[in-house]
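Engineer: Just to be clear, the model below is a prediction. Sequence and coordinates:
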Amino acid sequence: MHVDALTDYSQLDLRQLADNIKAWGMEFGFQAIGIAGNDLGQAETRLLEWLAQGCHGEMDYMANHGVKRSRPQELVPGTLRVITARMAYFPPQAHDSMAVMEDSSKAYISRYALGRDYHKLIRARLQKLAEKIQSEIGPFQFRAFTDSAPVMEVELASKSGLGWRGKHSLLLSRSAGSWFFLGEIYTDLPLPIDEPEQNHCGTCTSCMTSCPTDAIVAPYQVDARRCISYLTIELKGSIPEELRPLIGNRVYGCDDCQLACPWNKFGQLTREPDFAVRHGLDDTSLIELFLWNEKEFDSRLAGSPIRRIGHERWLRNLAVGLGNARPVVEITAALKQRLNHPSELVREHVSWALNRQAL
């Protein structure tokens, strides 16, 4: 919502309002709320260096918005503060992650994607929080985001005291690990800013050494071109052949760096029904998923974040997983059913997988 940028907030008790906002945020299902300023100068320098190195791969949107990503006041004119929020997503009933990854016949799907898409839910909750603030103080300028615009979410959350940036580049919290989504409200309210949390990674490099493709090329720096989440979600074309064997059975995203992080022993389970496991995606065979036709893919994954990659890339990813699985005749038979698929991308990965099964 936009109001006059010169609105006078001098009569407000801003410290009390900040405390109230944090309490209201908890009522709307968030586990923590923080408040950051709009100066991301140091982060902008790191972002521009990362982009110059080409570490964003084909994610052109990372560069398309120029410095709007690192300058909140340019993305939403009048922005003085950013209210940040985090919400736990790890479903309590999910099958053990390591057990799934160790069974080469199973498909491993990143735990954030086992339920419904988080974008609408979190944005709607942020909107409700903003409307609650408005009902208490009157009109003010705000705009809510969650992974839906050029916003430096981890940087803002870190500056607002919700945690610190881990060496894997994700936000870490001493009380909640990293199994959570982030969201933001850009606002012109001159709220008091929270103190950042100290970095508690120390000398630990568990996340770096656990990465199957060595995508964490330096502490706090990920080369997306090697990251399994990028390769299975963002990359539209062929997965580089030299990286395929390293992907294992990870068919949508990757959680290895989070699973290895010692701070995730404090990770919180979600209380949101929308994030509950759907269609057994926490522990399903590669063959079963590979045999879904496009109609089944669209219907079963309606409302899921997985659906956005489309059936073609879904089959591409599953073919890689099948190629990496322990050879059995059932896998070869399933792959042969897609050998003449209309998509050249699918045919290429199926052929590769059949050759791997034949070794």
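Structural biologist: Everything's here; your move.
Engineer: For the stretch 251-359 of the chain, which segments count as helices?
Structural biologist: Per DSSP state H, counting those that start in this stretch, the stretch 251-359 of the chain carries helices over the ranges 256-260, 286-290, 294-300, 310-324, 329-336, 344-358.
Engineer: Mind checking these for the one nearest to residue 247?
Structural biologist: The closest approach between residue 247 and any of the helices of the stretch 251-359 of the chain, judged by C-beta to C-beta, belongs to helix 310-324 at 5.5 Å. C-betas here are computed from N, CA, C, even on glycine.
Engineer: and the gap between residue 79 and residue 40?
Structural biologist: Between residue 79 and residue 40 the computed distance is 11 Å (C-beta to C-beta, to the nearest Å).
Engineer: Buried residues of the helix or strand of the chain with the lowest mean pLDDT, list them for me.
Structural biologist: When the helices and strands of the chain are scored by mean pLDDT, DSSP states H and E, helix 61-64 comes last with a mean of 76. Residues of helix 61-64 classed as buried by neighbour count (16 or more other C-beta atoms under 10 Å): residue 62.
Engineer: go on, stretch 59-79?
Structural biologist: 62, 69-72, 75-76, 78-79.
Engineer: closest to residue 93 among those?
Structural biologist: residue 62 (34.6 Å).
Engineer: Look up the closest residue to the closest one, ignoring the ones flanking it.
Structural biologist: Of all residues not flanking residue 62 in the chain, residue 56 sits nearest, at 4.3 Å (C-beta to C-beta, 6 or more residues apart in numbering).
Engineer: go on, residue 171?
Structural biologist: Using C-beta to C-beta, 6+ apart, the closest residue to residue 171 is residue 163 (4.5 Å).
Engineer: and if you look at residue 298?
Structural biologist: residue 307 (6.8 Å).
Engineer: so where's this structure shaky on pLDDT?
Structural biologist: Applying pLDDT under 70 to the chain flags residues 1-6.
Engineer: where do the strands sit along it?
Structural biologist: Ranges of strands within the chain are 32-36, 81-88, 106-109, 142-145, 164-165, 171-172, 180-187, 216-218, 221-222, 250-252, 284-285, based on DSSP state E.
Engineer: Is it possible to get TSV of the ones you listed that adds distance to residue 119?
Structural biologist: As requested, those are exported to TSV (distance: least, C-beta to C-beta, whole Å):
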stretch	distance to residue 119
strand 32-36	19
strand 81-88	12
strand 106-109	17
strand 142-145	10
strand 164-165	22
strand 171-172	18
strand 180-187	9
strand 216-218	26
strand 221-222	22
strand 250-252	16
strand 284-285	24
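Engineer: Quick one: closest of those strands to residue 195.
Structural biologist: Closest among these, using C-beta to C-beta: strand 32-36, at 9.4 Å.
Engineer: Name the residues of the closest one that come out as buried.
Structural biologist: Within strand 32-36, the residues that count as buried by 16+ other C-beta under 10 Å are 32-36.
Engineer: helices or strands up against it?
Structural biologist: With contacts defined as 3 or more C-beta pairs under 8 Å, 6 or more residues apart in numbering; DSSP states H and E, the packing partners of strand 32-36 are helix 14-27, strand 81-88, helix 153-159.
Engineer: Pick the most buried one from the ones you listed.
Structural biologist: Burial of the helices and strands packed on strand 32-36 is given as mean neighbour count (mean count of other C-beta atoms under 10 Å); strand 81-88 ranks first at a mean of 26.
Engineer: thinking again about what came up before, the residue nearest to residue 171 against residue 197, yeah?
Structural biologist: Yes - taking C-beta atoms under 8 Å as the definition, residue 163 is a contact partner of residue 197 at 5.8 Å.
Engineer: between these two, who's got more neighbours?
Structural biologist: More crowded of residue 163 and residue 197, by other C-beta atoms under 10 Å: residue 163, with 29 against 19.
Engineer: Enumerate every residue touching the residue lying closest to residue 287 once chain neighbours are set aside.
Structural biologist: Once flanking residues are discounted, residue 287 sits nearest to residue 334: 4.8 Å by C-beta to C-beta, 6+ apart. With contact taken as C-beta atoms under 8 Å, 6 or more residues apart in numbering, residue 334 is in contact with 287, 290-291, 322.
Engineer: Make CSV out of the residues you listed and add neighbour count and distance to residue 354.
Structural biologist: Output for these, formatted as CSV (neighbours: other C-beta atoms under 10 Å; distance: C-beta to C-beta, whole Å):
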residue, neighbour count, distance to residue 354
287, 20, 14
290, 23, 13
291, 14, 16
322, 34, 9
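Engineer: of these, closest to residue 255?
Structural biologist: Within the contacts of residue 334, proximity to residue 255 (C-beta to C-beta) peaks at residue 322, which comes in at 20.3 Å.
Engineer: so who does the closest one touch?
Structural biologist: Contacts for residue 322 (C-beta under 8 Å, 6+ apart) come out as 286-287, 290, 331, 334-335, 353, 357.
Engineer: Among the residues you listed, which one lies nearest to residue 225?
Structural biologist: residue 353 (22.0 Å).
Engineer: Please tell me I have it right and residue 300 contacts residue 292.
Structural biologist: Yes - using C-beta under 8 Å, residue 300 is in contact with residue 292, at 6.9 Å.
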